[in-house]
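1. the following block contains a protein sequence and its predicted model.
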Amino acid sequence: MTDSSFILKHPMQVRVFHFILAVSFLTLAVTGIILFQKPLQEAAMNTVIQIHVVAGVVMTLDALAFLFLAFDRVVMFTKRVFTFSGNDLKWFTVLGGYPQKILLHKKVEVPPMGKYNAGQKLFGIFVLVGGTLLILSGWALWTLPHIIPHGDTSMIGTIHLYVSWILILFLLVHLFLGIYMVDDFKAMFLHGRIPYEDAAEKSPLWVKNDICKIG
């Protein structure tokens, strides 16, 4: 396959943002679960708290940097994930054909998708809304615990906890499918490019309307 058979899906700035986001959120998820279960001695738990806070600061700075340095891409991503059509509803009826393909080794007809399929759009919405809630609630719990009324602090803590679990569950599915679709995985973390044929099959509307091959 020649270079002209590839298209650029993830530019460098997107790959850097995604890598830092992935590392910081995985760190937050692991340390958050430890803080929830409390399996360690007090000194070790204090260290876990410090790692959790540092990871939260890193994720916040990463999100703010991407927002200000790539605002056009944030707007474009937001528009894409919040735009649903009849094809997206049909996609959910067959779950993109993944269960049939993975479990039954059977290929079913999947409605044509844009750059993101319906499942990725749903995940994107949870990342945008849930990630914002996670960051805001985390900062409130860290910096304002003695200022916010106790009842509000408890409510914020509950929001932080439930949003965290929802995002972790979504992340597990995202990781599995990301590794399963190895070309997309390598594109996001390495070179940013995917085979043109794969894009034309999985995202035909995106290829038709927005994309040209690159050399």
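-> Yep, it's here. Residues are numbered from 1 along each chain as shown.
2. just the strands in this protein please.
-> Remark: strands assigned in the chain by DSSP state E are 6-8, 193-195.
3. out of those, the one nearest T27 is which?
-> In terms of CB to CB, the element of these nearest to T27 is strand 193-195, at 27.7 Å. C-beta: built from backbone N, CA, C; applies to glycine.
4. sorry, back to before: any chance of TSV for the strands of the chain, columns mean neighbour count?
-> Supplementary listing: the strands of the chain in TSV, determined by neighbours: other CB atoms under 10 Å:
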stretch	mean neighbour count
strand 6-8	20
strand 193-195	18
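5. can I get the ones you listed in JSON lines with mean pLDDT and distance to V14?
-> Converted to JSON lines, the strands of the chain look like this (pLDDT from 0 to 100; distance: least, CB to CB, whole Å):
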{"stretch": "strand 6-8", "mean pLDDT": "86", "distance to V14": "10"}
{"stretch": "strand 193-195", "mean pLDDT": "87", "distance to V14": "12"}
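6. show me what the longest helix seen in the chain is packed against.
-> When secondary structure is assigned using DSSP state H, the longest helix within the chain turns out to be helix 150-180. Under the contact criterion of 3 or more CB pairs under 8 Å, 6 or more residues apart in numbering; DSSP states H and E, helix 150-180 touches helix 12-37, helix 98-103, helix 118-143, helix 182-186.
7. try 7 Å
-> When contacts are defined as 3 or more CB pairs under 7 Å, 6 or more residues apart in numbering; DSSP states H and E, helix 150-180 packs onto helix 12-37, helix 118-143, helix 182-186.
8. what are the buried residues along stretch 27-39?
-> 27-29, 31-32, 34-35 (16 or more other CB atoms under 10 Å).
9. same check, this time on stretch 97-111
-> 97-98, 110-111.
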